[in-house]
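1. coords below, sequence missing:
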């Protein structure tokens, strides 16, 4: 997949894996192709394009895997909100549960966290 197929040559600031509403959403194989196209485009033009995986990222552990992938493929510069965002509305609940567990030593019941 060439970078121009991703909309980068048309001035896109970000490319996104999906809307997050499909049955299959953000997957690592597709993301790797997209990230390498972003990298190739940057090497050719000097322009940075952001990346947003969307859909299917539900846990803090999932988000760490995506952060690791970005770091390995694009480097630390892309680990900023200007260039990397996770589209995962259900992720907030898991992060709250993980923080609650870290602070209290136990996992929260659903009634303990109003966002759940």
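-> Structure received. As the structure is a computational prediction, the values presented were derived from the model and not from experiment. Numbering: from 1, shown residues only.
2. from here on, just use CA atoms for contacts and neighbour counts.
-> OK.
3. does residue 100 touch residue 106 like I think?
-> Yes. Under the contact definition of CA atoms under 8 Å, residue 100 touches residue 106, with a separation of 7.3 Å.
4. who's more crowded, these two?
-> Between residue 100 and residue 106, counted using other CA atoms under 10 Å, the more crowded position is residue 100 (16 against 12).
5. show me what the host helix or strand of the more buried one is packed up against.
-> Secondary structure here is read from DSSP states H and E; on that basis residue 100 sits in helix 91-104. In this structure, helix 91-104 packs against helix 60-74, with contacts taken as 3 or more CA pairs under 8 Å, 6 or more residues apart in numbering; DSSP states H and E.
6. tell me which other helices or strands the helix it packs on touches.
-> Applying 3+ CA pairs under 8 Å, 6+ apart, one finds that helix 60-74 contacts helix 28-45, helix 91-104.
7. for those, which has the smallest mean pLDDT value?
-> Taking the average pLDDT of each of those, the minimum falls on helix 91-104, with a mean of 86.
8. show me the residue at the heart of this protein, geometrically.
-> Most central in the chain under CA atoms, centre = their mean is residue 86, positioned 3.4 Å from the mean C-alpha point.
9. give me the distance between it and residue 40.
-> 22 Å (CA to CA, to the nearest Å).
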